[in-house]
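S.K.: test case, fold it:
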Amino acid sequence: MIIPYGLKVIDGSNPNIYTAITPRISTIISSGQVAMPDALNGDGTYGVDIALPASDIPRGDIGAMVLPVEYTYQITDIEYETVQNIGYMDSDATYYTHNKANGLMTEWDAGDLTPGDADEFDNFAAIFPVAFWDIMGKSTLSNVRLFAGMCYLVYDTSETSYIKVYSIGSNGVSKVEYQITIKNYDYE
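M.R.: Okay, here's the model as predicted:
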């Protein structure tokens, strides 16, 4: 078998067994570093769109890797008499919930830490940066929406439940590195 192009991958136990990695498997169509916006898009979603080479690429043929590279967080730290610091969500910061089905972001208000009012103390269980491809419920795409934010796992005392909220842009994740691939991409 003659391989006209591609990367030849040989089986370590038998050099006569190999396969070729070609653009049919995956082609990198875009990569780089991008700054994330400080505000939502006009339609209430969030992120940066990276154009694809066609308008009807099946979701299953697209691959995206997104990595947060610059980020920060926003919390309020309260020191108690026992010299124990407890972190709470900052009522002056802007946080959002994210609807996975359609990408819509909804503003979430943290409690204002009113002394004696337990419903106003929203503490968090974890904080970490996230970045992903926001599919927004679509099956074919003309662009890839890169989403990134600082994720907070919060106990929302007014709702008595745990939720995920995000801070965005310069108050969350301000830069990401990404790579977008398409399999079965036809250059012609």
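
S.K.: which strand residues bridge Y95?
M.R.: W108 (DSSP bridges).

S.K.: right, and it touches M89 too?
M.R.: Yes. Using Cβ atoms under 8 Å, Y95 is in contact with M89, at 6.9 Å. C-betas here are computed from N, CA, C, even on glycine.

S.K.: which residues do these two both contact?
M.R.: Common contact partners of Y95 and M89 (Cβ atoms under 8 Å, 6 or more residues apart in numbering): A110, Y152, V165.

S.K.: from these, pick the one nearest L7.
M.R.: Y152 (41.9 Å; Cβ to Cβ).

S.K.: neighbours of the closest one, how many?
M.R.: 26 (other Cβ atoms under 10 Å).

S.K.: dump the residue contacts of it.
M.R.: By Cβ under 8 Å, 6+ apart, the contact set of Y152 is Y73, I75, M89, Y95, F124, A126, I127, K164, V165, Y166, S167.

S.K.: what do you get for T19?
M.R.: Taking Cβ under 8 Å, 6+ apart as the test, what T19 contacts is K8, V9.

S.K.: checking it next. Helix, strand or coil?
M.R.: At T19 the chain is in strand, as set by DSSP: H, G, I helix; E, B strand; the rest coil.

S.K.: gap between E159 and G63?
M.R.: Separation of E159 from G63 (Cβ to Cβ, to the nearest Å): 36 Å.

S.K.: and S158, what does it touch?
M.R.: S158 makes contacts with G111, D119, E120, D122, as judged by Cβ under 8 Å, 6+ apart.

S.K.: can you rerun that using 7 Å?
M.R.: By Cβ atoms under 7 Å, 6 or more residues apart in numbering, the residues touching S158 are G111, D119.

S.K.: using CSV, write out the CA atom coordinates for whichever strand or helix holds Y152.
M.R.: Element membership of Y152, judged by DSSP states H and E, is strand 143-156. These are the backbone C-alpha positions of strand 143-156, laid out as CSV (Å, rounded to 0.1, in the frame of the first residue of the first chain):
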residue,chain,number,x,y,z
ASN,A,143,-18.9,29.0,13.6
VAL,A,144,-17.6,27.7,16.9
ARG,A,145,-18.5,29.8,20.0
LEU,A,146,-15.7,29.8,22.5
PHE,A,147,-16.9,30.3,26.1
ALA,A,148,-14.7,31.0,29.1
GLY,A,149,-15.3,32.2,32.6
MET,A,150,-14.4,31.8,36.2
CYS,A,151,-16.8,29.2,37.5
TYR,A,152,-18.1,29.3,41.1
LEU,A,153,-19.9,26.4,42.7
VAL,A,154,-22.2,28.4,45.1
TYR,A,155,-24.7,27.5,47.7
ASP,A,156,-27.5,30.0,46.9
